[in-house]
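Engineer: Sequence below, structure please.
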Amino acid sequence: MTGVASPATSEKTIKAFGRLAGAVFLLCFLQSCATNPTDRFERLNRSSFQFNESLDQAIVLPIARNYAAVIPGPVATGVTNFFDNLFYLNTALNNFLQGKVGQSVSDLGRILVNTTFGLGGLLDVATHLRLAKHEEDLGQTLAVWGVPAGAYLYLPLAGPYNLRSLSDIPMRGALNPLFYTHASVAIPMIVLNFVNRRANLIERTDIRDSSALDTYIFTREAFQQQREFQIYDGAPPADNFDELFDL
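Structural biologist: Next up is the predicted model:
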């Protein structure tokens, strides 16, 4: 009998429609990411991103891989602990500026304990004493004060920022003890910190490079989500999920 679809044909039609609907949903989601309204300088940002990636692949990453291969894990952990402790005053001050006085006092306690009993910060004794580790900066403080994030920026040699988080650069520099030391000490320490931090990120960037269709968009979205996570102390609002299902 003509004009009546068989059950097999109907099933194929339903599956085809489902695949089409899924493809349209995915396209809409990717398009919403690709046209992020905060990325008003995308062309310039992509140029900076490509410059940084080229420099990283040619020079920084090979050095970091060799560093990770040669330096024993406990030593690398000690180096990370040392620099975390050295720069931690920025976190303590911004916790205070956000009105988190208790956390600020705890942060000062971390610095004191790790600097003394932790051999200058090489050992993270404070964590074993249940003094929580926080991560705060002036960009987060300004967010708490109600300052909008502003446009997304990807800076040469520096990486992802937004206009609000740029404020942390001078403050972090002013609170950096290496800023007040002789160049013969500061420069090797800065290089060591840079290489060690890059080595700590090798696994993450390898995953990004192997899985992301567009590494620039992946980096941008990861940065913005991480900033929101930090600003809300790990409990961001669910508005973004609501917007996604409203597509």
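
Engineer: what helix or strand does the residue positioned nearest the centre of the chain sit in?
Structural biologist: The chain has residue 223 as the residue nearest its centroid, 4.8 Å off, counting by CA atoms, centre = their mean. Using DSSP states H and E, residue 223 sits in helix 215-231.

Engineer: what about residue 154, is that helix, strand or coil?
Structural biologist: Per DSSP: H, G, I helix; E, B strand; the rest coil, the local secondary structure of residue 154 is strand.

Engineer: what sits against it?
Structural biologist: Residues near residue 154 by CB atoms under 8 Å, 6 or more residues apart in numbering: 45, 46, 48, 49, 52, 160, 161, 216, 219, 220. Where you see a C-beta, it was placed from the backbone N, CA and C, and this is true even at glycine.

Engineer: pretty sure residue 91 is touching residue 141, no?
Structural biologist: No. Using CB atoms under 8 Å, residue 91 and residue 141 do not qualify as a contacting pair, with a distance of 10.6 Å.

Engineer: Can you show me the strands along this protein?
Structural biologist: Counting by DSSP state E, the chain has strands at residues 152-155, 159-162.

Engineer: Listing partners with orientation, what would you give for the first one?
Structural biologist: For strand 152-155, the pairing partners within the sheet under DSSP bridges are strand 159-162 (antiparallel).

Engineer: any residues touching the strand it pairs with, and which ones?
Structural biologist: The contact list for strand 159-162 (CB under 8 Å, 6+ apart) reads 38, 52, 139, 149-155, 219-220, 223-224, 227.

Engineer: List only those of the residues you listed flagged as buried.
Structural biologist: For the contacts of strand 159-162, a burial check counting by 16 or more other CB atoms under 10 Å picks out 38, 52, 139, 149, 151-154, 219-220, 223-224, 227.

Engineer: and the two most separated of those?
Structural biologist: 52 and 149 (21.2 Å; CB to CB).

Engineer: if we can go back for a sec, among the buried ones among the contacts of strand 159-162, which one lies nearest to residue 119?
Structural biologist: residue 139 (31.4 Å).

Engineer: Residue 163 is in contact with the closest one, correct?
Structural biologist: No. At 9.3 Å, residue 139 does not count as touching residue 163 under the criterion of CB under 8 Å.

Engineer: mind listing the helices for the chain?
Structural biologist: 7-34, 42-55, 61-70, 73-86, 89-97, 101-116, 125-128, 138-144, 168-174, 183-200, 202-211, 215-231, 239-245 (DSSP state H).

Engineer: any idea how far the second one is from the chain center?
Structural biologist: Read that as helix 42-55. 17 Å (CA atoms, centre = their mean, to the nearest Å).

Engineer: For residue 129, give me its contacts.
Structural biologist: Residue 129 neighbours (CB under 8 Å, 6+ apart): residue 113.

Engineer: distance of it from residue 111?
Structural biologist: Residue 129 sits at a distance of 13 Å from residue 111 (criterion: CB to CB, to the nearest Å).

Engineer: Flag the shaky bits of the protein, pLDDT-wise.
Structural biologist: 1-35, 238-247 (pLDDT under 70).

Engineer: Could you tell me how many residues sit around the closest residue to residue 125 other than its chain neighbours?
Structural biologist: Closest residue to residue 125 apart from its sequence neighbours, by CB to CB, 6 or more residues apart in numbering: residue 118 at 4.3 Å. Residue 118 has 22 neighbours, counted by other CB atoms under 10 Å.

Engineer: Ok, residue 210 next?
Structural biologist: 7.

Engineer: Ok, residue 160 next?
Structural biologist: For residue 160, the count of nearby residues is 20 (other CB under 10 Å).

Engineer: That one pairs with what?
Structural biologist: If you apply DSSP bridges, the partners that residue 160 bridges to are residue 154.

Engineer: So it versus residue 223, what's the distance?
Structural biologist: 4 Å.
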